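In: Have a look at this prediction, sequence included:
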Amino acid sequence: MPVTVSMTVNGKAVSGEVEPRTLLVQFLRDHLRLTGTHVGCDTSQCGACVVHIDGISVKSCTTLAVQAEGAAVTTIEGLAQGDRLHPMQEAFRENHGLQCGFCTPGMVMSAIDLVQGRPEITEDEIRKGIDGNLCRCTGYHNIVKSIKAGAAAMKG
Amino acid sequence: MYEFDYRRPGSLADALEALKSAPDGSALAGGQTLLPTLKQRLASPSDLIDLAGISELQGIAIDGDTVVIGAMTRHADVAASPDVQGRIPALAALAGDIGDRQVRNRGTIGGSVANNDPAADYPAACLGLGATIVTSAREVAADDFFTGLFETALDDGELVTAVRFPTPGKAAYMKFKNPASRYAIVGVFVAQAADGARVAVTGAGAGGVFRVADMERALTAEFAASALEGIAVPPDDLNSDIHASAEYRAHLVGVMARRAVAACG
């Protein structure tokens, strides 16, 4: 039986009719047309679907839309302010932290949650901290570099 | 996923009532195992009863020598808790190494314990520390709670509400992870308590988590890694799959146990 779900997405109040089995990522992509959040593996391994619920990173392919009822959800689309990229997005661009770009939205959302309040985070901590995000292009080197730079930039 | 109805009660009493009235209801905790299971159509509950809105199931408290962790407390919160880090650092470390960061941000101790996945970490901590599982109906010793693969002493409609961990003298957990799934191929939790040592093994047992009496006797006599030399776990009752043979798992139990004791310092 369809139910009404209401939440705040990227600062905007939204609601929609969904089946209880609708995943949060389906609600974001199919109902709200926010297609920046990707579905890679659909088995909670790859992290392409990572979004923030109330500021905490979660896999939106392993969360029901109804579980986010009343929550504040942030997706990759909610980071930039107009033409000004979020410091973590800027760091990925500056450091060539992506190749094909498929994993990037999830990688950036995980990175922001990871480095929050930790401008001095180490490379080891970053590598361990993003073990829920898979990249099949770059081999992580520049991703780690980007996150380190983004962490330092977010401090300011 | 098959269709289901969804309910989010605000109290434990309402949740128990909802479970009772549903034709084939299932409790939803963090959903990090249940939702993948539903996506694979391995289960088809009529109703999901979401426990996320029940504040009495949340939080960590100190009660004398015991750390009490509410069933809906997330792995990330257990890992970051100063109370857990202070009283049972091995438990905080175990919670901080479950799955990945996003899984730890949603997965809960109650969900893990009630599911009793044979490769889950928390059952090893419960058994290794001699924890008590508090349910909506009673209190059950960990020794009597984990009864087999994905099987527990929970009755239909009974919910885990909290886990009580006694503070050990020393404890440590060592895990040999599957590099892809990050589940334990073998995980060993060792603890030294007033009434003797305990050794609990996850990931390896064909019947789920289990204790190793020979190792416990040796460690009770002398709590040192060297005391475990020559004590082998027979591979007969261990899992064998594409990741590791029973013989290899038996070998790893010894290695992880010695490393865990060494890590106790």
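Out: Happy to help now that I have it.
In: Contacts for the strand or helix carrying B:Thr37 next, please.
Out: Using DSSP states H and E, B:Thr37 maps to helix B:34-39. Contact with helix B:34-39 is made by A:21, A:42-44, A:62-64, B:1-2, B:4, B:26, B:28, B:43-45, B:48, B:111, B:115, as judged by CB atoms under 8 Å, 6 or more residues apart in numbering or on different chains. Every residue, glycine included, has its C-beta placed from N, CA and C.
In: Tell me which entries of these lie within strands.
Out: B:26, B:28, B:48 (DSSP state E).
In: near chain A, from these?
Out: With CB under 8 Å from any CB of the partner chain as the criterion, the ones in strands among the contacts of helix B:34-39 include B:28, B:48 near chain A.
In: Give me every residue in chain A lying close to chain B.
Out: Residues of chain A lying near chain B (CB under 8 Å from any CB): A:1, A:3, A:19-21, A:42-45, A:47, A:50, A:56-59, A:62-64, A:66-67, A:69, A:110, A:113-114, A:129-132.
In: mind redoing it with 6 Å?
Out: Chain A comes close to chain B at residues A:20-21, A:50, A:56-59, A:62, A:66, A:129, A:131-132, as judged by CB under 6 Å from any CB of the partner chain.
In: Buried subset of those as a PyMOL selection?
Out: The buried subset of the residues of chain A next to chain B, as determined by 16 or more other CB atoms under 10 Å in any protein chain shown, is captured in PyMOL by this line:
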select buried, chain A and resi 20+21+50+56+57+58+59+62+66+129+132
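In: how about the residues of chain A next to chain B in a markdown table, adding secondary structure and distance to A:Thr75?
Out: Formatted as a markdown table, those follow (DSSP: H, G, I helix; E, B strand; the rest coil; distance: CB to CB, whole Å):
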| residue | secondary structure | distance to A:Thr75 |
| --- | --- | --- |
| A:Pro20 | coil | 21 |
| A:Arg21 | coil | 21 |
| A:Val50 | strand | 9 |
| A:Ile56 | strand | 14 |
| A:Ser57 | strand | 12 |
| A:Val58 | strand | 12 |
| A:Lys59 | strand | 13 |
| A:Thr62 | helix | 16 |
| A:Val66 | helix | 18 |
| A:Gly129 | helix | 20 |
| A:Asp131 | coil | 22 |
| A:Gly132 | coil | 17 |
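In: who are the neighbours in contact with the closest residue to chain A within chain B?
Out: Per CB to the nearest CB, B:Asp100 is where chain B lies closest to chain A, at 2.8 Å. Contacts for B:Asp100 (CB atoms under 6 Å, 6 or more residues apart in numbering or on different chains) come out as A:131-132.
In: for it, phi and psi?
Out: Backbone geometry at B:Asp100, expressed as degrees, to the nearest 10, gives phi -130, psi 180.
In: Next one: it from A:Ala72, what distance?
Out: 22 Å (CB to CB, to the nearest Å).
In: distance between the ends of stretch B:176-187?
Out: By CA to CA, to the nearest Å, the extent of stretch B:176-187 from end to end equals 6 Å.
In: And for stretch B:124-133?
Out: 13 Å.
In: For it, buried residues please.
Out: B:124-133.
In: who are the neighbours in contact with the residue nearest the centre of chain A?
Out: Chain A has A:Met109 as the residue nearest its centroid, 3.1 Å off, counting by CA atoms, centre = their mean. By CB under 6 Å, 6+ apart, the contact set of A:Met109 is A:50-51, A:57.
In: Now do the top helix by length along chain B: everything it contacts.
Out: Counting by DSSP state H, the longest helix found in chain B is helix B:246-263. Residues outside helix B:246-263 that contact it (CB under 6 Å, 6+ apart): B:172, B:174, B:176, B:186, B:188, B:190, B:199, B:201, B:204, B:215, B:225, B:228, B:233, B:235, B:238, B:240.
In: Count the neighbours of the second one for me.
Out: What that stands for is B:Met174. 22 (other CB atoms under 10 Å in any protein chain shown).
In: Next: the first one.
Out: The burial count assigned to B:Ala172 is 22, neighbours taken as other CB under 10 Å.
In: my guess is it meets B:Ala90, correct?
Out: Yes: counting by CB atoms under 6 Å, B:Ala90 is a contact partner of B:Ala172 at 4.9 Å.
In: who touches A:Val115 in this structure?
Out: A:121, A:151 are the contacts of A:Val115 under CB under 6 Å, 6+ apart.
In: Give me the phi and psi angles of it.
Out: Residue torsions, per degrees, to the nearest 10, at A:Val115 are phi -90, psi 0.
In: Point me to the helix or strand that includes B:Ala191.
Out: strand B:184-193.
In: Contacts for that strand next, please.
Out: Under CB under 6 Å, 6+ apart, the answer for strand B:184-193 is B:119, B:121, B:124-125, B:128-129, B:168-176, B:178, B:198-204, B:223, B:243-244, B:249, B:252-253, B:256-257, B:260-261.
In: again, but for stretch A:32-51
Out: The contact list for stretch A:32-51 (CB under 6 Å, 6+ apart) reads A:25, A:28-29, A:57, A:59-62, A:73, A:75-77, A:102-103, A:105-106, A:109-110, A:132-134, B:102.
In: Fine by me, thanks again.
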